[in-house]
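Engineer: from the sequence below, what's the structure:
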Amino acid sequence: MACRWWPELENIWTPLGWKDHCVRFNVLYNGMIVVDRPRMQRNFTRRLRQVIGPGIQLEFRPSLTQALPAPAAEVAPSTLAVRDGGHGRQGWNDDAAPILWTHWEQHGLTLRQELFAHLAGGREVQTGVEPLFAWIRLSVVGGSATPPPDRLYWQVRITRPHLARAMDRFMNLKVEPEQAAYPGKLNLKQTGDAASGGWRVQAAGGTLLAVLPAEDLSVELIDRRSQGGDAWLQIQMPARPGAAADLVLAAVPSEPAAFEAELALGRQQALAQARHHWSNIPSTASHVQTPEEPVNQAIRHGLRLAQLLTVRHPDTDQHVMLTGSWQYEALWSTPGAMVVSMLLDALGYHSVAEKYLEVFREEQGKVRPPGAHYEPHPGYFATPRVVNSIDWLSDHGAILYAACNHALLTDDERFIARWTPAIVQGCEFIRDSVRRRGHGGIEGLMPPGRATDSDEISQFIWIDGWNYKALVTAVRLLERVGHPRAAEFAQLAEEYRTTFLAAFRDAALRTATWEDDAGVLHRYVPTALPGGGNPRHPFYLDTGPLFLVFAELLPADDPLMVSALHFFREGPHRKDFDLRRSGNHPACLYHEISSCEPCYSWNLFHTYQQGDRIRFLEGMYSLLAGGMSRQTFVACETRGGISGTVYTHPLVIWAARLAVIDDQLERGKLHLLRLVPRAWCRVERETVFARMPTELGPVTLRFQLANQGRQLAVRFEPQFRRQPQSIVFHVPPLANLRELRINERVFPATPGGRIELGHSEQP
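Structural biologist: Numbers count the residues shown, from 1 in each chain. As a prediction, this is how the structure comes out:
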């Protein structure tokens, strides 16, 4: 149903590479491969410019003739989405290693490109800039042409990267032809003969590309740069099904010896090492298996992509996350912290989460907070300078929340001991900030600062929401471990919330008004204090008042939250919304996700808290169908805009987890199956949520319909570290359901009802 609401994403690119390596292969929807220099890491870029050189862009054009496009056609300014629709046919092989395929139907042939990445030696990254290679197989997998063609020419266009990226879908992947020509000499060298040696494309910095020998294969380099065109590698091969050509592309120009060692290893050995690398899964990892395979794949590939968007910094040897693979090759810590807490930790990848949290502890206090009324503070968490982008004051709260959430989910004594001083100092930064006077804003809240990429400085609720969320989460952790300052910070949190709510409600009395379809006049709910903010900016939805429910500052049934949700669903912005337009317009909720950046659809926490299962699931499935590619499961920033991210996955995974296993609704209680999709309750297939982390300990839940759908058989296997006050089993709203069998006990069940087991009754 959700796939009918949302067309497939346009203009996607999907990264491939090696965990912690500094360079990635970005594969566009049409099979084009781009290796580009990072443009947003201030200190890192100089080093990588030297390592990567000019970068490379390969475009694959199958043809039945040797005729190349006219030079003028090669460089005509265009947007790829306008030229070819912005869509391709792509997917992943069912393999332990990420192997991305792209299909073409051309000339009556079915053609396939397969690509996987391999690090020289197959080891874990040591420097971050080791030789990295892409193994590319171009093959004929079928054909219906009559008569069948005899020869096929793969024409591989070699250029510099020359595609601009943008949030606006109409400006994204805009061709910049003046940047296209690959600089310097290119030479084609054949080693041995066509049966044993193969061909090498060499540039000034080393070997760029190799074509491995194969039966009845020939290769030619056609360089038309002096005529205003480009360089082309033309590979002639049989057009029969089963014919294939293997290419190896270096992420950075490589010394001949390193390249020859990779070729000598061979495709099968390189693939075996890649499989070993990607099979390294933490022992604590969760396992989720639903009857809906796209859900399973979104989780599987979200985990892979999150680990791929990481680097081991060659200058500092620190492990750091990145926000994107091409354009956002830096870190925005607020969404980055969401990846840690809502994706990695939520799925039991605790060792991975800890690995990328550590840099924040190491760098704590080294960055000045972004606001004129802030001074350097030893407790302030910020983005490490080596991957710095734009500092937001929400970063401190998001990082502190992620660290505390990790501790609550793991009870890892070693982590808690190492991090407790940093957590206490993080709370002290919030304390000292809200006690600061003379800043001209509302005292008792965080002083004015930068909240997003917008230059505006104010007391945005995005800032207060994240910092309050972090503070109350830290209090829960400090209370759990019996820390002597837990009561002090709990009192601070209560004063903070009281001050915020008074200022927020007061500001809500003075904002502009809007009228709904029933003629009722409403006031805009503020997004900044004391003024109110700009309700026409897309961030009014993404980082605005709806966030306050997740932040624990307001419940979903508060009149101001009800009013805000009503505006985004039915207000004037919703009436003007057109799915075909760019994401840069006044934001609204369309099928329960943000029309701007889907990853910030905080309304899910409203419908979750209120038990509005229809709208909650509408939002969760919209994120799956509309916030990421349904082919490669890579996420977008805005639909048709920046791709190559895992923006959307944290909220999807957190929602799926809460729908089935929920330790957040009521502290000390465990709710099970509360919002589970009916599609996950099947006779023919079991649904599994195994080793799911909760604040009570890991929980495994398996369930499947039996007895012609009259019974839901549930296997419940907790590993509690602390016993819940009660366990509430919610009965899914299935018309024929009459019984709930929990392990060996059978309970009468009413669809939509609940069975609450107290401490002594728990299985």
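Engineer: against the centre of this protein, work out the most remote residue.
Structural biologist: Relative to the centre of the chain, the most outlying C-alpha is that of Pro147, 46.1 Å out, by Cα atoms, centre = their mean.
Engineer: that residue and Gly108, how far apart?
Structural biologist: 10 Å (Cβ to Cβ, to the nearest Å). Just so you know, the C-beta spots here come from the backbone N, C-alpha and C atoms, and that holds for glycine as well.
Engineer: could you do Gly184 as well?
Structural biologist: The gap separating Gly184 from Gly108 is 39 Å, by Cβ to Cβ.
Engineer: out of those two, which sits in the more crowded spot?
Structural biologist: Set Gly184 next to Gly108 and count neighbours by other Cβ atoms under 10 Å: Gly108 wins out with 15 against 11.
Engineer: contact partners for the nearest residue to that one once chain neighbours are set aside?
Structural biologist: Nearest non-adjacent residue to Gly108, counting by Cβ to Cβ, 6 or more residues apart in numbering: Ala145, 2.5 Å away. Taking Cβ atoms under 8 Å, 6 or more residues apart in numbering, we find Ala145 in contact with His107, Gly108, Leu109.
Engineer: can you report phi and psi for the first one?
Structural biologist: If I follow you right, that is His107. Per-residue torsions, His107: phi 60, psi 30 (degrees, to the nearest 10).
Engineer: for the protein, which spans come out with low pLDDT?
Structural biologist: Within the chain, the stretches with pLDDT under 70 are 39-50, 72-84, 193-196, 581-584.
Engineer: show me where the stretch 651-763 of the chain has strands.
Structural biologist: 661-662, 669-672, 687-692, 699-706, 711-718, 726-730, 739-742, 745-748, 754-758 (DSSP state E, counting those that start in this stretch).
Engineer: Pro314 contacts Asp20, correct?
Structural biologist: No: look at Pro314 against Asp20 with Cβ atoms under 8 Å: they stay out of range, at 10.6 Å.
Engineer: list the residues that contact the residue nearest to the spatial centre of the chain.
Structural biologist: Most central in the chain under Cα atoms, centre = their mean is Val646, positioned 0.9 Å from the mean C-alpha point. Val646 makes contact with Gly302, Leu305, Ala306, Leu309, Val339, Leu343, Val634, Ala635 under the criterion Cβ under 8 Å, 6+ apart.
Engineer: in which helix or strand would I find Arg300?
Structural biologist: Assessed by DSSP states H and E, Arg300 sits inside helix 293-308.
Engineer: who does that helix touch, helix- and strand-wise?
Structural biologist: Under the contact definition 3 or more Cβ pairs under 8 Å, 6 or more residues apart in numbering; DSSP states H and E, helix 293-308 sits against strand 13-16, strand 287-289, helix 613-626, helix 649-660.
Engineer: returning to what we had before: now the strands of the stretch 651-763 of the chain as a markdown table including distance to Ile461 and mean neighbour count?
Structural biologist: As requested, these are exported to a markdown table (distance: least, Cβ to Cβ, whole Å; neighbours: other Cβ atoms under 10 Å):
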| stretch | distance to Ile461 | mean neighbour count |
| --- | --- | --- |
| strand 661-662 | 25 | 22 |
| strand 669-672 | 28 | 22 |
| strand 687-692 | 31 | 20 |
| strand 699-706 | 33 | 19 |
| strand 711-718 | 37 | 18 |
| strand 726-730 | 32 | 21 |
| strand 739-742 | 41 | 19 |
| strand 745-748 | 44 | 12 |
| strand 754-758 | 34 | 15 |
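Engineer: Phe116: which of those is closest?
Structural biologist: Nearest to Phe116 among those is strand 687-692; the distance by Cβ to Cβ comes to 27.9 Å.
Engineer: how is this structure carved up into domains?
Structural biologist: 9-278, 287-662, 669-761 (automatic domain parsing).
Engineer: deepest-packed of the ones you listed, please.
Structural biologist: Comparing the domains of the chain by mean neighbour count (mean count of other Cβ atoms under 10 Å), domain 287-662 ranks first with a mean of 21.
Engineer: how long is that domain end to end?
Structural biologist: 16 Å (Cα to Cα, to the nearest Å).
Engineer: same question for stretch 682-691.
Structural biologist: Using Cα to Cα, the end-to-end distance of stretch 682-691 comes out at 21 Å.
Engineer: contact partners of that stretch?
Structural biologist: Outside of stretch 682-691, the residues within contact range by Cβ under 8 Å, 6+ apart are 284-291, 348, 657, 660-661, 680-681, 698-706, 708-709.
Engineer: from the chain's centroid, how far away is it?
Structural biologist: 25 Å (Cα atoms, centre = their mean, to the nearest Å).
Engineer: which non-adjacent residue is nearest Ser286?
Structural biologist: Gly348 (4.0 Å).
Engineer: cool, Ile416 as well?
Structural biologist: Ala407 (5.1 Å).
Engineer: now swap in Tyr590 and tell me
Structural biologist: Using Cβ to Cβ, 6+ apart, the nearest residue to Tyr590 is Phe577, at 6.0 Å.
Engineer: okay but Ile235 is in contact with Arg137, surely?
Structural biologist: No: with contact defined as Cβ under 8 Å, Ile235 does not reach Arg137; the gap is 11.9 Å.
Engineer: shared neighbours of the two, anything?
Structural biologist: Listed as contacting both Ile235 and Arg137 by Cβ under 8 Å, 6+ apart are Ala245.
Engineer: ends of stretch 438-445, what's the gap?
Structural biologist: Stretch 438-445 has an end-to-end distance of 12 Å (Cα to Cα).
Engineer: what residues does that stretch touch?
Structural biologist: Counting by Cβ under 8 Å, 6+ apart, 373, 434-437, 447-448, 458-459, 464, 495-496, 499-500, 503, 529-530 sit against stretch 438-445.
Engineer: filter those down to just the ones in strands.
Structural biologist: Among these, the members found in strands (DSSP state E) are Ser458, Gln459, Leu529.
Engineer: reformat these as a markdown table; add distance to Met321.
Structural biologist: Converted to a markdown table, the ones in strands among the contacts of stretch 438-445 look like this (distance: Cβ to Cβ, whole Å):
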| residue | distance to Met321 |
| --- | --- |
| Ser458 | 28 |
| Gln459 | 28 |
| Leu529 | 31 |
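Engineer: just those now: which is nearest His483?
Structural biologist: Comparing these against His483 with Cβ to Cβ places Gln459 closest, at 29.4 Å.
Engineer: beta partners of that closest one?
Structural biologist: Leu529 (DSSP bridges).
Engineer: so it touches Val434, yeah?
Structural biologist: No: assessed by Cβ under 8 Å, Gln459 is found out of contact with Val434, at 10.8 Å.
Engineer: what do these two both touch?
Structural biologist: Overlap of the contact sets of Gln459 and Val434 (by Cβ under 8 Å, 6+ apart) consists of Leu445, Met446.
Engineer: now Val367, what's its secondary structure?
Structural biologist: Following DSSP: H, G, I helix; E, B strand; the rest coil, we place Val367 in the coil state.
Engineer: Thr334 versus the nearest residue to it once chain neighbours are set aside, what's the distance?
Structural biologist: With Cβ to Cβ, 6+ apart as the criterion, Val367 has its nearest non-adjacent residue at 3.7 Å, and that residue is Ala382. For Ala382, the distance to Thr334 equals 11 Å [Cβ to Cβ].
Engineer: find the residues that touch each one of these two.
Structural biologist: Asp395.
Engineer: tell me the SS of Ala470?
Structural biologist: Using three-state DSSP, the structure places Ala470 in helix.
Engineer: and the residue lying closest to Thr284 once chain neighbours are set aside, what does it touch?
Structural biologist: Leaving aside its chain neighbours, Thr284 sits nearest to Gly348 (4.5 Å; criterion: Cβ to Cβ, 6+ apart). Neighbouring residues of Gly348 by Cβ under 8 Å, 6+ apart: Pro282, Thr284, Ala285, Ser286, Arg691, Met692, Pro693, Pro698.
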